[in-house]
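Colleague: Fold the following for me, if possible:
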Amino acid sequence: MANKPIESKIPVEAVAHRPRPGTSLPGAFAFSPDGKVVTFLDSADGSLTRQLYKLDLATRQRSVVLDAGAGDTEKNLSAAEKLRRERQRMMTVGVTRYFWSRNGNTLLIPLHGDLYVSDGLSGKLRKLVDDKGPALAPQLSRDGKHVAYVYDNEVYAVDVAGGKPRQLTRGARGTGKTHGLAEYIAQEEMDRYAGFWWSRDASWIAFTEVDETHIPDYRIVHQGEDAVGRSAQEDHRYPFAGAANARIKLGVVSSHGGAVTWMDLGDDPDIYLARVRWMPDGSLWAQVENRAQSQLDLIRFDPRTGKGTRVLRETSDVWINLNNDLHALPKASGDAAGGFLWASERDGFKHLYVYDKAGKLLRQLTKGDWLVDSVVAVDDKGGMVYFTATKDGPTESHLYSVPLAGGDIHRLTKEPGFHKVTIDRQFVHFIDTWSSTDHPPRVVVRKLADGAAVATLHDKVDPRIAEYGLEPPELVTLESRDGTVLHGAVYKPPAEVKPPYRTIVSVYGGPDVQYVRNSWRMTADMRAQYLRSLGYLVFKLDNRGSARRGLKFEGAIKHDMGNIEVRDQVDGVNWLVSEGLTDAKHVAIYGWSYGGYMAAMALARAPRTFKVAVAGAPVTSWDGYDTHYTERYMGTPQNNAEGYRQSSVMTHVGTMEGKLLLVHGLIDENVHFRHTARLINALIKARKDYTLLLFPNERHSPRSEKDRVYMEERIRDFFVDNL
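Modeller: Model (predicted):
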């Protein structure tokens with residue numbers, strides 16, 4: 001193949017455009033409290049702008065509840081809300097969130113920092129709060145009669161019926177502390193976005209006090225802004241690996257205000273407050289993780305005294321992966337009455353266990369060399385647990401059920417591929433969002449009893465799929481040099497291009513992510529499709545360290561990142577060569593974030609295999625990344641100095657031979673530009689060539705479509721010129 005690309009059906013603008021072909025579909029599904037109506041967010045024009053819709057299950061009529069004319073945009077949100085969107089990787093605008101009360105019929109809709117409520121879907125939407133600043137992190141009480149939120153670092157509550165908001169917490173404002181907001185680490189790495197929690201009877205609110213005043217500011221300057229002064233910079237209390245973490249306290253206050261009772265979290269202040277939940281008996285339960293992430297305690301607190309009793313303790317020789325699968329069993333029959341459902345990786349794969357209320361193990365519900373993804377719902381009256389899992393293969397996800405009393409597991413979704421599920425509170429219907437590599441997402445309301453279709457919410461054909469000639473990749477399996485089975489995906493170029501092909505490896509490679517799966521997102525990967533259409537073979541491989549294969553597979557990277565992952569990627573390329581698909585002299589690699597780290601590391605540690613690399617927003621040295629993520633896998637720089645040294649790209653720059661393109665946003669508050677700057681210093685010292693592409697106004701996830709188009713053009717040209 002000549003260096004000049006063949007003509008493509010796909011314009012480069014299509015690579016940058018969001019949403020991708022076939023992916024503009026409804027989301028944020030919920031059933032009304034009575035189960036008669038499905039609510040969801042969708043876009044009338046297939047854009048990122050969302051409206052709130054409803055589907056009446058009796059009439060099958062679909063209609064708009066709230067248009068996005070006054071909705072959220074990238075310009076009308078507060079700085080705090082924009083950063084929250086970064087943590088959640090949220091790109092949509094318009095109506096982006098809504099909440100049903102657990103009981104009652106109240107609907108809460110936050111819009112550009114204001115709070116709106118209505119009595120069900122037919123009620124008039126009215127503004128609830130008139131504060132001068134944004135109302136952050138709003139939550140409805142279970143009875144739908146009250147809303148709590150954070151304003152200026154303090155927790156407030158207001159009655160849905162109206163009235164003046166009540167300030168419930170004091171002492172944080174003006175001190176550098178916060179009340180009721182999840183800290184950076186909780187949002188970015190722990191999947192905890194809440195910083196306060198309503199009790200079930202709405203009498204109390206548990207909340208966090210976060211103290212980051214002892215963490216030095218990390219300043220990010222907006223070099224691309226025209227304005228100068230304070231508006232052109234921002235400071236973050238960023239907890240670097242091995243350095244200080246936020247100090248967390250857990251308090252309980254009456255929903256009418258008053259004195260705070262602080263929960264006794266133990267003698268060690270250097271812990272993570274991972275999860276908090278009110279239980280049916282009025283006790284407050286919390287999951288507390290040690291700094292090393294080798295131990296997780298489930299603690300029951302008396303909210304009136306703050307005294308805690310440990311219910312159970314999980315330990316791991318690898319690390320603890322947090323989950324959201326603690327469920328109370330308040331009405332379950334037999335010996336589980338008042339107990340709880342718990343998920344653990346103690347046997348190497350995440351499975352489900354039933355405990356009594358004192359923390360005594362009663363039974364294990366699931367087992368085997370597969371894992372539970374998540375518990376979707378627990379029917380304590382019917383004695384059934386519904387969950388998604390990899391039971392039928394690690395590249396699939398299906399809905400299953402198992403009796404609480406123990407017994408056979410039944411698969412409830414039929415089509416091969418990936419299923420995401422929402423179940424109503426009456427356990428009559430579920431919403432099934434399904435896709436595979438050869439079928440775009442389809443959303444169907446089904447009967448839980450037999451899976452029969454009740455209504456179709458989404459089954460549109462996106463004309464861009466045919467227009468661009470999108471073809472699904474071939475999912476493959478291969479073995480690493482030591483016999484480990486790995487899953488990959490091959491995007492072959494058009495038929496006029498003959499093998500062996502110039503090859504580009506698309507990589508993520510890091511923990512907690514699975515890159516290769518039987519879902520439409522594989523086919524809708526427009527950069528892979530674009531490069532394929534230009535005549536390149538594009539290859540993806542989930543190396544060891546990736547998710548959904550069990551703790552042993554994931555834990556292979558413990559204290560030594562960037563080593564076995566690169567070896568597995570090399571083995572993937574060697575397999576392609578052995579199959580006659582790849583020209584071994586012309587292999588490139590690209591990735592973003594951990595994938596950017598992998599791309600740079602592959603160029604440095606495997607120069608005989610990889611000749612060209614594009615490293616986007618790469619972590620180049622793990623001492624420059626955050627505590628909870630980094631230390632889970634690497635320990636601290638103090639106790640694993642050699643591991644940190646070997647896992648740094650800078651250590652291996654001397655062996656780098658190929659062409660390197662570095663891409664980074666200058667205001668990235670997650671993977672700081674400092675990572676790329678440090679690598680550049682090492683490259684200069686070693687007299688190694690590199691190319692730099694900067695985006696002054698972008699964070700970790702590029703949001704401007706113009707910036708993304710420009711980036712895709714430069715990446716394309718870099719491959720064409722050097723591969």
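Colleague: Just the buried residues of the longest helix along the chain, please?
Modeller: What stands out as the longest helix in the chain, according to DSSP state H, is helix 705-722. For helix 705-722, the neighbour count (16 or more other Cβ atoms under 10 Å) marks 707-712, 715-716, 718-720, 722 as buried. Heads up, the C-betas are built off the backbone N, CA and C, glycines and all.
Colleague: Equivalent analysis for stretch 559-570, please.
Modeller: Those would be 560-570, for stretch 559-570 by 16+ other Cβ under 10 Å.
Colleague: need the buried residues of helix 705-722 in TSV with pLDDT and distance to H628, can you?
Modeller: Below are the buried residues of helix 705-722 laid out as TSV (pLDDT from 0 to 100; distance: Cβ to Cβ, whole Å):
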residue	pLDDT	distance to H628
D707	97	29
R708	98	29
V709	98	35
Y710	98	34
M711	98	29
E712	98	32
I715	98	31
R716	98	36
F718	98	34
F719	98	35
V720	97	40
N722	97	37
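Colleague: Can you give the domain ranges for this protein?
Modeller: 28-371, 470-722 (automatic domain parsing).
Colleague: thinking again about what came up before, closest one of the buried residues of helix 705-722 to T96?
Modeller: R708 (20.3 Å; Cβ to Cβ).
Colleague: SS state for H700?
Modeller: coil (DSSP: H, G, I helix; E, B strand; the rest coil).
Colleague: now the buried residues of stretch 559-570 as CSV including pLDDT, distance to E467 and secondary structure?
Modeller: Converted to CSV, the buried residues of stretch 559-570 look like this (pLDDT from 0 to 100; distance: Cβ to Cβ, whole Å; DSSP: H, G, I helix; E, B strand; the rest coil):
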residue, pLDDT, distance to E467, secondary structure
D560, 98, 46, coil
M561, 98, 41, coil
G562, 98, 40, coil
N563, 98, 43, coil
I564, 98, 41, helix
E565, 98, 36, helix
V566, 98, 37, helix
R567, 98, 40, helix
D568, 98, 36, helix
Q569, 98, 33, helix
V570, 98, 37, helix
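Colleague: With respect to N245, which of those residues is nearest?
Modeller: So of the buried residues of stretch 559-570, ranked by how close each gets to N245 (Cβ to Cβ), first place is M561, at 20.6 Å.
Colleague: Just the pLDDT for the residue nearest to the closest one when sequence neighbours are not counted.
Modeller: What sits nearest to M561 in space, not counting adjacent residues and going by Cβ to Cβ, 6 or more residues apart in numbering, is S647, at 4.3 Å. For S647, the pLDDT comes out at 98.
Colleague: This structure: helices as residue ranges?
Modeller: 12-16, 79-87, 184-189, 463-467, 520-523, 526-533, 551-554, 564-578, 594-605, 627-634, 641-646, 674-685, 705-722.
Colleague: For L399, find the nearest of these.
Modeller: Using Cβ to Cβ, the helices of the chain put helix 520-523 closest to L399, at 17.7 Å.
Colleague: Would you mind confirming that A14 makes contact with A524?
Modeller: No - counting by Cβ atoms under 8 Å, A14 sits too far from A524 to count as a contact (10.9 Å).
Colleague: any common contacting residues for the two?
Modeller: Any residue near both A14 and A524 by Cβ atoms under 8 Å, 6 or more residues apart in numbering counts here, and that gives P21.
Colleague: quick one, which of those two is more surrounded?
Modeller: A524 (23 against 19; other Cβ atoms under 10 Å).
Colleague: Please tell me I have it right and the more buried one contacts L470.
Modeller: Yes - if you go by Cβ under 8 Å, A524 and L470 touch, sitting 7.4 Å apart.
Colleague: which residues do the two both contact?
Modeller: P21.
Colleague: what sits against A606?
Modeller: 566-567, 569-570.
Colleague: least trustworthy helix or strand in the protein by mean pLDDT?
Modeller: helix 79-87 (a mean of 80; mean pLDDT, DSSP states H and E).
Colleague: what about the longest strand in the protein?
Modeller: Using DSSP state E to define each element, the chain has its longest strand at strand 582-592.
Colleague: could you give the angle of that strand to helix 564-578?
Modeller: Per axes from the mean of the first three to the mean of the last three Cα atoms, to 10 degrees, the angle that strand 582-592 makes with helix 564-578 is 150 degrees.
Colleague: Tell me the strands beside strand 582-592, with direction?
Modeller: Applying DSSP bridges, strand 582-592 is found paired with strand 501-506 (parallel), strand 612-616 (parallel).
Colleague: Counting neighbours, what do you get for H487?
Modeller: Using other Cβ under 10 Å: H487 sits among 23 other residues.
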